[in-house]
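Enquirer: Quick one: sequence plus predicted model below, questions after.
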Amino acid sequence: MMRALASLLVLGVVGVSSVVEGAGRAPAPTPVRRFVLVAGANRGIEDRPTLRYAESDAERFVEVMQALGGVDPSDVILLRQPRLGELDRALETIRARVLTSRQSADGSRVRTEVFFYYSGHADEKGLLLANDRWSYVTLRQQLETMAADVRIGILDACASGAITRPKGGKRRGPFVVDPSSDTRGSAFLASSSADEAAQESERLGASFFTHYLLSGLRGAADVSGDGRVTLNEAYQFAFNETLSRTVGTRGGPQHPVYDITMSGTGDVVLTDLRQLSAGFSLPPAVDGRFYVLDEKRRLVLEFYKPAGRKVDIGLEAGTYEVRFEREKTARRARVAIEDGAHLLLDPSTFGSASVEFTRLRGYDGTQDDLLSGRYILGFQLGMWNNTNEPVAPVPSSAATTVHASLASLTGGVQFLRYVREDLALGVGLHPMLAALDTASTEGGSISNSRLSVSLPFIVRWSPIRRLSSKYPVMPYISTKVGPMFGADVTTVTGDTERTDAGVKTSVGAMLEVGADVRVSRSWVFGISGGYNWSGWFPNRNGSATRYRGAEFTAGFGRILGSAAVRQ
């Protein structure tokens, strides 16, 4: 079962106007200062697998809050792989800053808001930090006793929904903002309910919940079209997208939960798209699922846009590829966004594209389909065209010499561990039966053969994760280098018959290209071709021999272990 894992705890401060005043009055805006404490931890307690995206999720959250949330960089504390003591000290620092920021220099009131974001390991009792547990009860007390007007905690972790239990939080759909709801108080959002795993996605390069939360904060969640994303809009978007995109995973549907204790009027505004002048707009006529990739081909955001609603997206200046898919068609546009530019992408902007985009970046269907953290035990059998040089000296009386360049048997066993989806390291056992070299003499013959066995260290790199979703083919390039042992046998027939045998040592290397085909969740079939080299093997008469030649093999492999995913 796919044990997905994501932990995200966000206690941030948003620097955008958080009160929507009603009924026609436009009071003078109260200055707002937002403080953000963000912690990301890929490693938890010793018996938990290492996460891949917890720390990068935390970094991306900071980027969005600074770009669109009105947060000054000096008011952000970002902790990577923190210990419990570091987190405690950071909270006390935020607490002290809040107390000294409630009034401006002229004595007027300043509204303060705090965001706490955590991405990492957790269980039903609390956050798991470097073999320590920080209980949800303590966390709530720390946040709720701060003097800030608004305290928001966001957790992306397994069982993180347990933090809502003290206040009676339950698994439920997006909340509806009542006109009388408060804009002072506390809010806790969790990526999964108390009995669920929070899942990471290889395709997204992030956890599901954080990816869709940040996509919403960049403008995809702005249902009202006022250029601002509220707490309600962000949660509703993240809830719907996370649930719909995890229904087909082996980890099962993932249900974000919340617990809100607010008083006042209106809703808390998390991001203001007008804070960032760069970005693009999609007109009402366009509909489909949109993907935005940066210059490094990283998926920045993803969302579904229905027809009939204009959507504004806030981005940093740069070059992006915007793609959208609808039914069996796909289109794309490459856009350069400059500071101060906000482009309108109408249908004429987009050209045709492949519909395979959602699979080209990897597949997040189930844990069994991922390779990172798993092992492959493989077996190969094939032929190689051996050319050995030079052969042992032949007596001058020899009438005929035949240097065999025959297709000889080869094979091997290898054990690989995927440290990433595209990179595997391992060791192997690589036997090669060398072709015979025969020299005919007047009175007989001299023949030489060698069985070589190398013990190489293997590095395998897959430049393309999969060619497609329908045909799960993964091409690769690998190198093999290691010691080589040669069992050399020389047989002389004629007037004097003798057989000399001995074991020599040298170094062998191979450059190989191939492709694996995933025939099931646990088995792969592969073909490969490469070129072998060996160092010089000393002969008894003082000469030396080495072997080189092309090799072609076919084989199969068994996939073992569990993928490194969040839980």
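Expert: Structure's in. What do you need? Numbers count the residues shown, from 1 in each chain.
Enquirer: any idea which helix or strand of the chain has the worst average confidence?
Expert: The weakest-scoring helix or strand in the chain, judged by mean pLDDT, DSSP states H and E, is strand 8-11 (a mean of 33).
Enquirer: What mean pLDDT does stretch 290-304 get?
Expert: Across stretch 290-304, the average pLDDT comes to 88.
Enquirer: what's that stretch in contact with?
Expert: 203-206, 211-212, 214-216, 218, 220, 237, 241, 282, 288-289, 305, 311, 313, 315, 318-325, 357-358, 361 (C-beta atoms under 8 Å, 6 or more residues apart in numbering). For the C-beta atoms, the positions are set from N, CA and C on the backbone; glycine is no exception.
Enquirer: Repeat that for stretch 109-116.
Expert: In this structure, residues lying in contact with stretch 109-116 by C-beta under 8 Å, 6+ apart are 9-14, 18, 30-38, 65, 91, 94, 98, 101-104, 143, 146-154, 268.
Enquirer: Of the residues you listed, which belong to helices?
Expert: Met65, Leu91, Ile94, Val98, Leu143 (DSSP state H).
Enquirer: Distance to Ser462, pLDDT and neighbour count for those - can I get that in CSV?
Expert: Converted to CSV, these look like this (distance: C-beta to C-beta, whole Å; pLDDT from 0 to 100; neighbours: other C-beta atoms under 10 Å):
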residue, distance to Ser462, pLDDT, neighbour count
Met65, 35, 94, 28
Leu91, 43, 94, 19
Ile94, 43, 95, 25
Val98, 49, 94, 21
Leu143, 44, 93, 24
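Enquirer: Of those, which is the nearest to Arg374?
Expert: Met65 (35.2 Å; C-beta to C-beta).
Enquirer: What sits closest to the closest one if chain neighbours are left out?
Expert: Distance criterion C-beta to C-beta, 6 or more residues apart in numbering; nearest residue to Met65, sequence neighbours excluded, is Val71 at 4.6 Å.
Enquirer: Then His342?
Expert: Nearest to His342 is Gly279, by C-beta to C-beta, 6+ apart, at 5.2 Å.
Enquirer: OK, contacts around the one you found?
Expert: Taking C-beta under 8 Å, 6+ apart, we find Gly279 in contact with Gly219, Leu273, Asp312, Ile313, Gly314, Leu315, Ile337, His342, Leu343.
Enquirer: Derive a PyMOL selection command for the buried subset of the residues you listed.
Expert: With 16 or more other C-beta atoms under 10 Å as the criterion, this PyMOL line picks the buried residues out of the contacts of Gly279:
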select buried, resi 219+273+312+313+314+315+337+342+343
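Enquirer: what's around Ser108, how many residues?
Expert: Ser108 has 10 neighbours, counted by other C-beta atoms under 10 Å.
Enquirer: which phi and psi does it have?
Expert: In terms of degrees, to the nearest 10, the main-chain angles of Ser108 are phi -80, psi 160.
Enquirer: returning to what we had before: which one of the ones in helices among the contacts of stretch 109-116 is nearest Glu55?
Expert: Closest to Glu55, out of all of those and judged by C-beta to C-beta, is Met65, at 16.1 Å.
Enquirer: Surely the closest one and Pro73 touch.
Expert: No: between Met65 and Pro73 there is no contact under C-beta atoms under 8 Å: 10.1 Å.
Enquirer: What segments of this protein are helices?
Expert: 54-68, 84-99, 136-144, 208-215, 231-246, 357-360.
Enquirer: rewinding a little: inside strands: which ones of the contacts of stretch 109-116?
Expert: The members of the contacts of stretch 109-116 that map onto strands under DSSP state E are 9-11, 32-38, 150-154.
Enquirer: Can you tell me how far Thr138 is from Leu68?
Expert: According to C-beta to C-beta, to the nearest Å, Thr138 stands 31 Å off from Leu68.
Enquirer: neighbour count winner among these two?
Expert: Set side by side, Thr138 and Leu68 show more neighbours around Leu68, with 28 against 14, by other C-beta under 10 Å.
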